[in-house]
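Asks: the following comprises the amino acid sequence and a computationally predicted model.
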2 protein chains.
Amino acid sequence: MAFKTDIEIAREAKKKPIQEIGAKLGISSDDLLPYGHDKAKVSQSFINSVQDRKDGKLILVTAINPTPAGEGKTTTTVGLGDGLNRIGKNACVCIREASLGPNFGMKGGAAGGGYAQVVPMEEMNLHFTGDFHAITSAHNLLSAMIDNHIYWGNALEIDTRRVVWRRVVDMNDRALRTITASLGGVSNGFPREAGFDITVASEVMAILCLAKNLEDLQERLGSMIVAHRRDRSPVYCRDIKADGAMTVLLKDAMQPNIVQTLENNPAFVHGGPFANIAHGCNSVIATTTALKLADYVVTEAGFGADLGAEKFLNIKCRKAGLTPSVVVVVATVRAMKMNGGVAKADLGDENVAAVEKGCANLGRHVENVKSFGVPVVVAINHFVTDTDAEVQAIKDFVAAQGAEAVLSRHWELGSEGSAELATRVAEIADADMANFAPIYPDDMPLFQKIEAIAKRIYRADDVLADQKIRNQLKDWEAQGYGHLPVCMAKTQYSFTTDPDRRGAPVGFSVPVREVRLSAGAGFVVVICGEIMTMPGLPRVPSAENIKLNADGDVEGLF
Amino acid sequence: MAFKTDIEIAREAKKKPIQEIGAKLGISSDDLLPYGHDKAKVSQSFINSVQDRKDGKLILVTAINPTPAGEGKTTTTVGLGDGLNRIGKNACVCIREASLGPNFGMKGGAAGGGYAQVVPMEEMNLHFTGDFHAITSAHNLLSAMIDNHIYWGNALEIDTRRVVWRRVVDMNDRALRTITASLGGVSNGFPREAGFDITVASEVMAILCLAKNLEDLQERLGSMIVAHRRDRSPVYCRDIKADGAMTVLLKDAMQPNIVQTLENNPAFVHGGPFANIAHGCNSVIATTTALKLADYVVTEAGFGADLGAEKFLNIKCRKAGLTPSVVVVVATVRAMKMNGGVAKADLGDENVAAVEKGCANLGRHVENVKSFGVPVVVAINHFVTDTDAEVQAIKDFVAAQGAEAVLSRHWELGSEGSAELATRVAEIADADMANFAPIYPDDMPLFQKIEAIAKRIYRADDVLADQKIRNQLKDWEAQGYGHLPVCMAKTQYSFTTDPDRRGAPVGFSVPVREVRLSAGAGFVVVICGEIMTMPGLPRVPSAENIKLNADGDVEGLF
């Protein structure tokens, strides 16, 4: 049996004009700012006008630790949204935007897959509505203003060795990771070491995704630390007077984007911060707006539940005052087998024992999510090679945990395949069973917050950190940053910091290599392992094969 | 008498939905790709569908050498377009897009002024429809792929000291003019000297503005020279296999943007190449599309007629097969006085003698334009302090040259003030008096082309160039580039290379400092003097005062 590719299915989509999609959420044409016929931004004035409405139910989709077998978290998010609409609910999905640069390295990303996709796929993988370009511009304006300030006399007494604000580009360009800037003589400034990150790693991206509104955005931008003086005192973005102009550059980008699923249901696609050095969720403004417009909002968090759901619950929900009604943990039979020790080449063979063994990984994620006080449903994202016995093994395992697993066939069948999952999720959401709380309070010392996550979520024995790191955390507490949540940056492939340790490992420590303060975003980044903030291109970048074909369609991007 | 500022007038504009503006040119809603309610792109499929139509009349607006007094070339372009519509003609204007970066340095640019403006002004000075961001991405993708090629073994044997393809950013950032890239160890590549230009200086910008369609765009991108080998042989963009992906990144940017004047007449705003190292005109695709849709198309060229009109006629018209019906040379009484030796502070006082003396500059431009075989009308862009005697002095001077000068009050009165100018321009265009030809043939040797411009347009005695430069030109001729036009890069303030020599100087030489081959754009750049391709920010950048006010309007940008 031959399946169509994601892009083939996406190109066959019978898209409706975006005004019809907006109308499903009660947004009039005047309040939609169209970008072509199939994309739009929701106007800030409309968002302001719905603030007194009651919120819908928030549903988070997260997953087991990613494996090369694939889990289909976005696919399930989209499929569940379509399923809810199919059973008569007014539902909307909220997902992240794709970064442009990486599409020219490895194969580009779809937004979902099979018959559970968001369209227009090409444009979502290219410039879309320009949000990331706006972030790049705002970020680099600040960079230029810092060097310009130094050039014209450095009245703020910035230590040029301690400029922490780098530049960004939405491109995989390893040559820019470390540079010497301001070379070439007197008129070009004072030479210093500098470098570029990829745009999604910018603190501006994290801020755009956490800001409640434009005032909050400007306030947070102003609070970013850009450099230090010789006495180590911080220099803020607002000292450089860049926060106002950056806000102007970001005013359109702050308005959430609306597109549609293959089944013509509304989808917000807005923001895309890194899921390691940042919190990895779509924007707060998209989520809170969707909650005012839909009865059910299905959103997702980056990576596995140990990173993505943890940050969604401890950072995004805490800061935005959100309360999820139910959390869906996505698993697949194939991924359970990989967690159970099966090699990728053998995943097509039935192996119930391996499924049962691999369920340990799923089980820990389910337990963890429940510890936040929210009910859990496991979605088994169906794959054609799955056998009934394998599916049943997962269902039995989850039932033994006091939760429920539902098989969902949205990839193959769209909402027809996800109606059962949608029904159960809606029932649980409607039952108002959640009693949500973050797993650590604001006033816990920073190091204890790290320990709380490492021990209660990862199940580590302890956290290892040099005295220098512990002192840095104490310094920040003394400076008034102790109330911030922590943002863990570690491998997504394991509960540990070793990507090869699948399943549910025990008997390990979490070493902290570095801590960074994102004072504008409002979290302390805790780096446990090698984190790359500027990817490189592979030997044969996919860009070499990307082109327009004779029909004017994009080839090679997917 | 108090006048409103440009931004005040722009904010009071009664804009019509962009679909109504498109309808004036016969573009249906389906063929417009809206960006918000007041901007749109014209779809490529619609452009393809009108190729067999008859062309309208092309009217070029150019000017005397710019002075600090201001000439109002864009204002006159817009005013003339509105005037033509007022007298019952189907007319459209074609102007350039603004570069984002410089707006954060000095005060931002309006699109026209007074009651002859194009709106929405704020957005045209910010991200607009994202064209320049697309150019930045395409340019930097090629940059990343070049360093990536070197990193993975350098099969093309690029001499890393001879990579001529730099990077770009749409920001005034002097710290990036000269950098050392690929520092930081083995995984970041081979350290080499590199640097950034501002986006409008990219050859990709020049190509986007000269390409006839997407196929032509890709062909030209592929032909760009990005580096040389040790044996000096060129490495092309298509050797790096970046041309296909760059075309994909530029496919939306290639579709021209349509907005409206304050009087709700259609305006194409598309492309914005530098007017020194490039040709400084809006895109060929916008101009040729407008000619299929309107009976009269009013467009402008950068700087004064010695640079802008010369390149429009010798480069853009030659390459795109365009024939202007009439050229409007903009002058003002104040600028004539400055050319006649009056200081800026004294421009408010009547001084007929100075006007007469300054007319020498205008006279040479009129003569030059006529030498291309096109009729000339001088537009005297009215200013409130102008006296009747001063205006008459210009009219008399121009009449003695066998041309005609018309006073136009569009700045103050909109189309009511430009109706007379429009009437005369339309009469001359309709008379089909033009017998246009570029002033040098394709097959003239490159150095002789430089001499032709320097002697016939600037009125220089001779061209000075080292043997090295002359040899370089001969080498390019041997390589098959001898048929290209030359693109002069010199100061816009004078016919000479000395910005302080106003009027109509004689007895000077034009020294050529450097020549560069833009093999994709298709011209040889001839640099005569200091040309800055990456501006810096001033001591107090305007960005410090740009912000959103309580009404959500942008302040400080204008």
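Replies: Sure, I can see it.

Asks: show the pLDDT at A:A550.
Replies: A:A550 is assigned 88 on the pLDDT scale.

Asks: distance check, it against B:G88.
Replies: Distance from A:A550 to B:G88, counting by CB to CB, to the nearest Å: 43 Å. Placement of C-beta: from N, CA and C, glycine included.

Asks: what is the neighbour count of the closest residue to A:H37 other than its chain neighbours?
Replies: Nearest non-adjacent residue to A:H37, counting by CB to CB, 6 or more residues apart in numbering or on different chains: A:P17, 5.7 Å away. Close neighbours of A:P17, defined as other CB atoms under 10 Å in any protein chain shown, add up to 16.

Asks: got the angle between the helix ranked longest in chain A and helix B:131-151?
Replies: What stands out as the longest helix in chain A, according to DSSP state H, is helix A:131-151. Angle, helix A:131-151 to helix B:131-151, by axes from the mean of the first three to the mean of the last three CA atoms, to 10 degrees: 80 degrees.

Asks: and the end-to-end length of stretch A:153-160?
Replies: 12 Å (CA to CA, to the nearest Å).

Asks: on that earlier part again, pairing partners for the helix or strand following the longest helix of chain A, with directions?
Replies: Next helix or strand after helix A:131-151 toward the C-terminus (DSSP states H and E): strand A:158-163. Partner strands and pairing direction for strand A:158-163 (DSSP bridges) are strand A:225-229 (antiparallel).

Asks: return the set of buried residues in the helix or strand that comes right after the partner strand.
Replies: Sequence-wise, the next helix or strand downstream of strand A:225-229 (DSSP H and E) is strand A:234-236. Neighbour counts over strand A:234-236 (16 or more other CB atoms under 10 Å in any protein chain shown) mark A:234-236 as buried.

Asks: closest to chain B among those residues?
Replies: Closest approach to chain B among the buried residues of strand A:234-236 (CB to the nearest CB): A:Y236, at 14.2 Å.

Asks: ok, the closest one - contacts?
Replies: Shown in contact with A:Y236 (CB atoms under 8 Å, 6 or more residues apart in numbering or on different chains): A:222-226, A:519.

Asks: next one: A:V93 from chain B, what distance?
Replies: 24 Å (CB to the nearest CB, to the nearest Å).

Asks: give me the distance from the host helix or strand of that residue to the chain's centre.
Replies: Using DSSP H and E, the element containing A:V93 is strand A:91-95. Counting by CA atoms, centre = their mean, to the nearest Å, strand A:91-95 is centred 14 Å from the centre of its parent chain.

Asks: quick one: the strands in the stretch 451-558 of chain A?
Replies: Along the stretch 451-558 of chain A, the segments classed as strands by DSSP state E, counting those that start in this stretch run A:462-464, A:486-489, A:509-511, A:514-518, A:523-527, A:547-548, A:554-555.

Asks: and those strands: which comes nearest B:P441?
Replies: Of all these, it is strand A:547-548 that lies closest to B:P441, at 35.0 Å by CB to CB.

Asks: so who does whichever residue of the stretch 451-558 of chain A sits closest to chain B touch?
Replies: Nearest residue of the stretch 451-558 of chain A to chain B (CB to the nearest CB) works out as A:K547 at 3.1 Å. Applying CB under 8 Å, 6+ apart to A:K547 gives the contacts A:554-556, B:218, B:244-245, B:247-248.

Asks: now the buried members of those residues.
Replies: A:554, A:556, B:218, B:244-245, B:247-248.

Asks: filter those down to just the ones in strands.
Replies: Taking DSSP state E as the definition of strands, the buried ones among the contacts of A:K547 contribute A:V554.

Asks: now distance to B:E514 too, for the buried ones among the contacts of A:K547, in CSV please.
Replies: Converted to CSV, the buried ones among the contacts of A:K547 look like this (distance: CB to CB, whole Å):
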residue, distance to B:E514
A:V554, 39
A:G556, 38
B:Q218, 29
B:G244, 32
B:A245, 31
B:T247, 30
B:V248, 33
